[in-house]
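Visitor: build me a structure from this.
(3 chains)
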Amino acid sequence: MEAFQNLGFWGTLLVTVVLSALPLVFILLYALVTIYLEMKVAAHVQDRLAYMRTGWHGVLQPIADFIKLLQKEDIISSAADRKLFILAPYIVFMGTYGAYAAIPFSSIFIGSNIDLGAFFIVAASSLVVVGILMAGWASNNKWSIFGAVRSAAQMVSYEIPTALAILVGVMITGSLNLQEVTKFQAGGIQDWVIFGGPLPLLQKILITPFTVITFLILFVASLAEVNRTPFDLPEAESELVQGFFTEYSGMRWALFYVAEYANMFLVSAVVVSFFLGGWGSPFGSALSGPIWGLFWFILKGMVLIFLQIWLRWTLPRLRVDQLMYTSWKVLTPFLFVCIICIGLILVL
Amino acid sequence: MIETKTLPTQYVSQPGALKTSSGQTVRTDEMIINMGPQHPSTHGVLRLEIVVDGEIIIDVIPHIGYLHRCFEKHAEHMANYQQVIPYCDRLDYCAAINEEHSYVLAVERLLKIEVPERVEYIRVIMAELQRIASHLIAVGTFGIDAGAFTPFLYAFHDRELILSLFEMTCGARLLYNYFWIGGLSHDIPPQFADKAKEFCTYFKPRIKEFNDLLTFNEIFVKRTANVGVLPKDVAINYACSGPMLRGSGVNWDLRRDDPYSVYHKIEWEPKIGKGEMGTVGDVWDRHIVRMREMEESVKIIEQALAALPEGNVQAAIPKRIRPDAGEVYARTETPRGELGFYLISDGTGTPFRLKCRAPAFVNLSVLPEISRGAMIADLVLIAGSTDIVLGQVDR
Amino acid sequence: MTADEIYNSLKAQFGDAIVEAKLDALQPWIVVDPNRTKEIALFLRDEPATQFDSMMCLSGVDYNGGKLGIVYHLFSMVHKHKIVLKAHCTKENPHIQSVSSVWGTANWHEREVFDMYGVVIDEHPDLRRILLPYDWEGHPLRKDYKVPEFYNGMKVPY
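Guide: Here you go, the predicted model:
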C-alpha cells in the first residue's frame, strides 16, 4: 500500500477499489475449487465418483452450477418480510468479506495492515450472526427460525473458545496484527506457534503440549463457527432442511453458499496465521518470498479445508445441548487451563 | 409482472384459542410445527404435528394416510387370490419378499396345502436376503437422520449386490411377485447358490466396518443412547414387534416362537437389546439389534444354502383357487416386525376380507408415547429407529 | 389353555355376554357382546391363567346383510396361546366399546375401523379418521359403498 501514496484522490480510490476487490476474486475462484473439492472428497469417502461428464473428471461442473444458479428464478415468498429477506444474504457475505481485510495473504498483500487485526476479524465475522437471524426471521418459516436461533446460539457460544484460543496466539506472539504474528513465526516449521514458537528450548518444550491443545480447540471451534459437521445444526439437513436458507433460491442462495465457503477459508486463515506460520515457508528462508508466501498460505488453508470436508463426510451431528456442553464445559475450561499454564511458562 | 398477493398472517389473540388436531389446547409459549409431509426425515409422506416448547417436544400427533392406496378394498375386488400378491409387494417396497411370504402363507393355510421342502428353503433364503437389504436401508437412513451421510452409501452399495441376486432369480429388483401360492414363480438359477455364498463371505466383514464407522462412533452413541426409551411393558401393550420389541429387551421372534417355513431346522438366535450404551430399549439398542440381526441372517442363509434339497418348486394346487369358507390369521416376522394377514374366505374365488396388520403402522402408533420430552433432533432419530415404510403404514 | 378352557372360563365369568363360539374352526373364535368388550378384554389380559398381553390384530369386517363386526386376534406372550374374539353390531346402530385402554395398540386400529366401516367406537379417546382425509364422506370398506363422483371438486373415478 505504501507504494501508492502519490496518486491523488481518484488514483487512491481506484487502487483501493482494485486492491479490495482482489480477495473477492480470490473468494470466487476459491469457492469454485472448493465446491469441486468437496464433491470429489465426499464421493471418494463414499466409494463413488461424483461428477465425471462435464470436462475432465467433471472439473467444469462448479461453473455449470454457477451458471445454473444465475439463471434460476428468484423466489420470495409472499408472506416473507421482503426487505429483510433481500438484505440478509448481503449482510452475511459482508461480515465474512469484511474480515478478509485483515488476512495477510502474503508478505506484501494484506487488505488493511491494522494493529487490531485479530480483534477486527473476530468482530467482523460475528456480523454473520445478524444476517443469519435476519434471514431466518424474514423467511416467516418456523423451521428457518429454528435454524437461525440455533445458529445464533452456536456462533455466539463458539466465539468464546475461538477468541480465547486466539488470545493464546496473541500471548505467545505478542501482537494482534496478523502480519506481525506471521513474521514472528518466519523461521520455518519449528518456529510455528503450534510447536511453541521461536522460544528458548526449555520454554518451547514446556509450552508445546498446551499450544497443540489450543490449536485443536481452535480448529474444533472454527468448525462450529462455520456450521460444518459435526456442528452443522443450523442447517441440519435431516432435521431442519437447510435451516435459515430453506426459503432462498437462485443467486440469493448462492450468496449464502459462497459466504459459507468464504467463511471456511477465513477461519482456516486465522488458524494458519496464528498457529501454522501464516504465509511463511515451512523451510525457513528457502522457498520464501511474496509469491511463495501466497502459495504457502493458500496451501495451508486448503489442507485445513480438506480436513473440514473429511470430517463432514465422516461424522454424525451433535445435538443442541451437546453442542453447548462441548463449548462451555469442555473447550472453554480447557482453554482457561492452557492460558494460565502458557502465561506462567512465558513469564518463566 | 405477476401480481403478488400478501397473505393475511393469522395471529392468535387469545390464549387457548389454538388447538391441536386431537383437541388439546396449546399454551402461549408453545408452538405447533409440522414435520412433513415433505420432510427428509419422515421417510416418506408422514406428517408429524409437533407441539414444541423451544426445542423440547410436548406432544406428537402423527397424521398418516397420504399414501393410502386402498389395498384392502383392491384385494376384495381382484379376479382371484393370485392377483393380490403384486399388491402385497407394494405394501413395503423395501422388503417385498417378506410381504409376499406372509400373504401366501395365509392362503396356503386356508387351502391346507403343504409346499415342497425346496420351496420352503428357497423362501427362507430369499426372505433373509431381503431382510438384510431392508435392514441396510434402515440403518443407512438412520445414519442420515443422525447427520452421517456416508454410511448410507456404504449400505446401498451392499444392498445393490442383494438386488442383483434377486434380479438374477426373478428379473425384478424391487417388487418381485416371486412367491406364488403353493410355490415360487421360478426355480433359482444354477449359479445362484455360489453367488449367494460369495455375498455372505463378502458381507460379514462389511458389517464390522459399518459398525466401526457408525454404530460405535462416539458422537453417534452420545446422540442415540438414552433417547426414545421404549419400556418393555409399553412395547408389549402397544404390540410393537420386530427390532422395536427386541430392542426393548423382549426375547421374541416369530421365526422361533410361532414357527413357519423351515426356521426351526436352522440354528440361529434372536438378538435383543441389552442397554449396552444406555438404557434398555433406547434408540441405540434398536439400531444394534438390526446390525446383529443381519449377522444372524447371513448365518441362516449359509445354512439354508447348504441344506437346500432338490425337487419341484410348485405344489399341486387347483387351477382356480377357491378355499372353503373360513378365516385365518397368518403372521410372519418381516424386517419391521409382525406382518399379519387376516383372510376371510366365503368360498368364492376372491378374498371376502383381507386385513393387513402392518408392523410399521403399529410401531408408529407408539411414537407419541416415547418422544414426549425429547428434542426435535431426537424425534428425528426416534422416528428413524422405528423404521417405518409409509407404503405399509398407509396401505 | 385351549380354546375350550378359555371359552368355559369366559362363560363362567360373563354368562350372557358370550354370545356364540366356534371352537373347532382353524382358529377358534368367540363372539362377545359389543357393549362389554372392555371388561372382557380386561379379564382376558389380567387373569393369570389367560394373560392375553398382546393384541396381534384388530380388524373390522362387513359381513353383508347389515352386519358389521370387529375381530380381535389375541395372543399371550407368556402362555403362547391364541384366541379370536368377535363383536358384532348392525349398520343401523354401529356401536362397539373401545378396548384401547386395555391394549394401547387398539387405539389406531379402532380409528381405522371407524374410518373404513363407520363403526363408532364408544369411549375411544381420540376417534378421528386415520387413513382417509378428514372431510371424506362414507366408509369405503363397507360392501355397499359407492365411490363418490366428486371429492372437493375433483373427479374421483378415472
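
Visitor: chain C contacts on the stretch 201-348 of chain A?
Guide: Proximity of the stretch 201-348 of chain A to chain C, by CB under 8 Å from any CB of the partner chain, involves no residues. Any C-beta I mention is one placed from the backbone N, CA and C, and that applies to glycine too.

Visitor: got any ranges where the stretch 201-348 of chain A has weak pLDDT?
Guide: Residues of the stretch 201-348 of chain A meeting the criterion pLDDT under 70: A:236-238.

Visitor: find the closest residue to chain C in it.
Guide: Using CB to the nearest CB, the closest approach of the stretch 201-348 of chain A to chain C is made by residue A:241 at 24.9 Å.

Visitor: and the helices in chain A, which stretches?
Guide: A:8-45, A:61-71, A:82-99, A:117-125, A:127-139, A:142-173, A:178-184, A:201-225, A:237-240, A:250-275, A:290-312, A:320-325, A:332-347 (DSSP state H).

Visitor: pretty sure residue B:228 contacts residue B:371?
Guide: Yes - using CB atoms under 8 Å, residue B:228 makes contact with residue B:371 at a distance of 6.3 Å.

Visitor: more neighbours, these two?
Guide: Comparing residue B:228 with residue B:371 by neighbour count (other CB atoms under 10 Å in any protein chain shown), the higher total belongs to residue B:228, at 27 against 24.

Visitor: and that one, what pLDDT?
Guide: On pLDDT, residue B:228 comes in at 85.

Visitor: what residues are up against the closest residue to it other than its chain neighbours?
Guide: Spatially, and ignoring its direct neighbours in sequence, residue B:228 is nearest to residue B:382 (3.7 Å; CB to CB, 6 or more residues apart in numbering or on different chains). For residue B:382, the contact set (CB atoms under 8 Å, 6 or more residues apart in numbering or on different chains) comprises B:227, B:228, B:283, B:367, B:370, B:371, B:374.

Visitor: let me know the closest of these to residue C:110.
Guide: Comparing the contacts of residue B:382 against residue C:110 with CB to CB places residue B:367 closest, at 17.4 Å.

Visitor: now do the phi/psi pair for the residue sitting furthest away from the middle of chain C.
Guide: Distance from the centre of chain C peaks at residue C:153, with 34.1 Å (CA atoms, centre = their mean). In this entry, residue C:153 is assigned phi and psi values of phi 80, psi 0 (degrees, to the nearest 10).

Visitor: picking that back up, quick one, which of the helices of chain A gets closest to residue B:358.
Guide: That would be helix A:237-240 among the helices of chain A, by CB to CB, at 24.3 Å.

Visitor: leaving out the residues flanking it, which one is nearest to whichever residue of the stretch 101-250 of chain A sits closest to chain C?
Guide: Here the stretch 101-250 of chain A gets closest to chain C at one residue, residue A:142, 22.3 Å apart by CB to the nearest CB. Spatial nearest neighbour of residue A:142, excluding adjacent residues (CB to CB, 6+ apart): residue B:33 at 4.8 Å.

Visitor: what is the neighbour count of the one you found?
Guide: By other CB under 10 Å, the burial measure for residue B:33, its neighbour count, is 17.

Visitor: also the one 10 residues further on?
Guide: Applying other CB under 10 Å, we find 24 residues neighbouring residue B:43.

Visitor: pretty sure it contacts residue B:388?
Guide: Yes - between residue B:43 and residue B:388 there is a contact under CB under 8 Å: 5.9 Å.

Visitor: and chain C, which residues reach chain B?
Guide: So far as CB under 8 Å from any CB goes, chain C lies against chain B at C:25-27, C:29, C:53-57, C:59-62, C:71, C:73, C:77, C:80, C:84, C:103-105, C:107-108, C:116, C:126, C:128-133, C:140-141.

Visitor: ok, now which ones touch residue C:19?
Guide: Residue C:19 neighbours (CB under 8 Å, 6+ apart): C:31, C:32, C:33, C:88.

Visitor: 10 Å instead, please
Guide: C:30, C:31, C:32, C:33, C:34, C:86, C:87, C:88 (CB atoms under 10 Å, 6 or more residues apart in numbering or on different chains).

Visitor: output the residues you listed as CSV; include the columns secondary structure.
Guide: Below are these laid out as CSV (DSSP: H, G, I helix; E, B strand; the rest coil):
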residue, secondary structure
C:30, strand
C:31, strand
C:32, strand
C:33, coil
C:34, coil
C:86, strand
C:87, strand
C:88, strand
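
Visitor: if we can go back for a sec, which of the residues of chain C next to chain B are buried?
Guide: Among the residues of chain C next to chain B, those classed as buried by 16 or more other CB atoms under 10 Å in any protein chain shown are C:27, C:29, C:53-57, C:59-62, C:71, C:73, C:84, C:103-105, C:107-108, C:116, C:129-132, C:140-141.

Visitor: now do the shared contacts for residue B:228 and residue B:371.
Guide: With CB under 10 Å, 6+ apart as the test, residue B:228 and residue B:371 both reach B:378, B:379, B:381, B:382, B:383, B:386.

Visitor: burial measure for the first one, as a count.
Guide: It refers to residue B:378. Neighbours around residue B:378, by other CB under 10 Å: 24.

Visitor: for the third one, same thing?
Guide: Residue B:381: 30 surrounding residues under other CB under 10 Å.

Visitor: now residue B:351, what's its secondary structure?
Guide: Under the three-state scheme (three-state DSSP), residue B:351 adopts coil.

Visitor: surely it touches residue B:78?
Guide: Yes - with contact defined as CB atoms under 10 Å, residue B:351 reaches residue B:78; the gap is 7.5 Å.

Visitor: looking at these two, which one has more neighbours?
Guide: Between residue B:351 and residue B:78, residue B:351 has the larger neighbour count (other CB under 10 Å), namely 25 against 17.

Visitor: find me the pLDDT at residue C:112, would you?
Guide: Listed pLDDT for residue C:112 reads 90.

Visitor: how many residues are close by it?
Guide: Using other CB under 10 Å: residue C:112 sits among 24 other residues.

Visitor: surely it is in contact with residue C:105?
Guide: No - assessed by CB under 10 Å, residue C:112 is found out of contact with residue C:105, at 11.4 Å.

Visitor: in contact with the residue nearest to residue B:23 when sequence neighbours are not counted: list those residues for me.
Guide: Leaving aside its sequence neighbours, residue B:23 sits nearest to residue C:126 (CB to CB, 6+ apart; 7.6 Å). Residue C:126 sits next to B:21, B:22, B:23, B:24, B:61, C:100, C:107, C:108, C:110, C:111 when contact means CB under 10 Å, 6+ apart.

Visitor: quick one, what contacts the third one?
Guide: By that I understand residue B:23. So residue B:23 contacts B:61, C:125, C:126, C:128 (CB under 10 Å, 6+ apart).

Visitor: list the residues that contact the closest residue to chain A within the stretch 151-300 of chain B.
Guide: As assessed by CB to the nearest CB, chain A sits closest to residue B:153 within the stretch 151-300 of chain B, at 4.2 Å. Residues in contact with residue B:153, defined by CB under 10 Å, 6+ apart, are A:42, A:43, A:45, A:46, A:47, A:48, A:313, B:140, B:143, B:144.

Visitor: are any of the residues you listed buried, and which?
Guide: Of these, these count as buried by 16+ other CB under 10 Å: A:42, A:43, A:45, A:46, A:313, B:140, B:143, B:144.
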